[in-house]
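Engineer: Quick one, fold the following:
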Amino acid sequence: MDLREVIVEFTRNGPYLKCSAVHVVTGREVSAMGPVNEPKSVERVAIAKLRRALGEG
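Structural biologist: Residues are numbered from 1 along each chain as shown. Sure, this is the predicted structure:
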């Protein structure tokens, strides 16, 4: 599965950051939460979850 087309959205809720990742081709969506000061880490977790949800890892 090709993950080149993924929409990533961040939403802040107090000290927490929610990262939603949507695979454009399949419409599959996953999310991850973490501290607001670690956006790249939260995004990495969301992308890893998306890969697993699509059966890639």
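Engineer: the strands in this structure, which residues?
Structural biologist: 6-13, 16-23, 29-35 (DSSP state E).
Engineer: And the contacts of stretch 33-50?
Structural biologist: The contact list for stretch 33-50, computed with C-beta atoms under 8 Å, 6 or more residues apart in numbering, reads 3, 6, 8, 10, 12, 14-21, 23, 28, 30-32, 57. Where you see a C-beta, it was placed from the backbone N, CA and C, and this is true even at glycine.
Engineer: Now render the strands of the chain as CSV, adding mean neighbour count.
Structural biologist: As requested, these are exported to CSV (neighbours: other C-beta atoms under 10 Å):
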stretch, mean neighbour count
strand 6-13, 12
strand 16-23, 18
strand 29-35, 16
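Engineer: got those as TSV, with distance to I47 columns?
Structural biologist: Below are the strands of the chain laid out as TSV (distance: least, C-beta to C-beta, whole Å):
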stretch	distance to I47
strand 6-13	7
strand 16-23	6
strand 29-35	9
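Engineer: would you list those strands in CSV and tack on mean pLDDT?
Structural biologist: Putting the strands of the chain into CSV (pLDDT from 0 to 100) gives the following:
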stretch, mean pLDDT
strand 6-13, 97
strand 16-23, 98
strand 29-35, 98
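Engineer: Now for the residue of the chain positioned farthest from its centre: which residues touch it?
Structural biologist: Distance to the chain centre peaks in the chain at G14, reaching 18.8 Å (criterion: C-alpha atoms, centre = their mean). Contact analysis of G14 by C-beta under 8 Å, 6+ apart lists V36.
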